[in-house]
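Trainee: could you work out the structure for the sequence below:
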Amino acid sequence: MTTMDIVKDFQQGSCVMRYMTAGQLFNIISPREFIDFSYTTKYEDGLLTCGVSVEHGVVRPHCVRGFNHPCGWFCVPLLNNPEHSFLTGYIQTDLRGMLPHSTVDFAMAGSLVNFYGDLKKALKKS
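Mentor: Numbers count the residues shown, from 1 in each chain. Here you go, the predicted model:
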């Protein structure tokens, strides 16, 4: 993920967000843009975020509009170490476009590894 912007902010933890990804495999896979409705709430001692893609606006000319089916993220503090949390994500992404399935699987795996690595670095800085 290269950028994440709030397109429209609603009350009480809900918004419409735009996510952008970089091109992959020497731009064989074009950059993707996702527009998702997202809702975040406290769950027990952690956070629960769920979302789904929505139709919104015009697709940027250099991107393909991807689609996220219902998805969710759970962030729950560890019982034996409350300063650390366990993050679980459930995603169902359709990258759309004309791509061989094996290429998509390869690119998604690498992207998810990079996402979690970047997230870990960002959390260490805060």
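Trainee: I figured residue 76 was touching residue 82, is that so?
Mentor: No: between residue 76 and residue 82 there is no contact under CB atoms under 8 Å: 10.1 Å. Any C-beta I mention is one placed from the backbone N, CA and C, and that applies to glycine too.
Trainee: these two: who's more crowded?
Mentor: residue 76 (15 against 9; other CB atoms under 10 Å).
Trainee: tell me the pLDDT at the more buried one?
Mentor: Here the pLDDT value assigned to residue 76 is 90.
Trainee: then the helix or strand containing it to PDB, C-alphas only?
Mentor: Using DSSP states H and E, residue 76 sits in strand 71-78. Extracted as PDB, the C-alpha positions of strand 71-78 are listed here (Å, rounded to 0.1, in the frame of the first residue of the first chain):
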ATOM      1  CA  CYS A  71     -13.000  -8.100   5.200                       C
ATOM      2  CA  GLY A  72     -11.900  -7.500   8.700                       C
ATOM      3  CA  TRP A  73      -8.900  -6.800  11.000                       C
ATOM      4  CA  PHE A  74      -8.700  -7.700  14.700                       C
ATOM      5  CA  CYS A  75      -6.100  -6.200  17.000                       C
ATOM      6  CA  VAL A  76      -6.200  -7.700  20.500                       C
ATOM      7  CA  PRO A  77      -3.600  -7.100  23.200                       C
ATOM      8  CA  LEU A  78      -1.800 -10.300  24.300                       C
END
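Trainee: follow-up on the earlier one: pull up the overlap in contacts between residue 76 and residue 82.
Mentor: In terms of CB atoms under 8 Å, 6 or more residues apart in numbering, residue 76 and residue 82 are both contacted by the residues residue 45.
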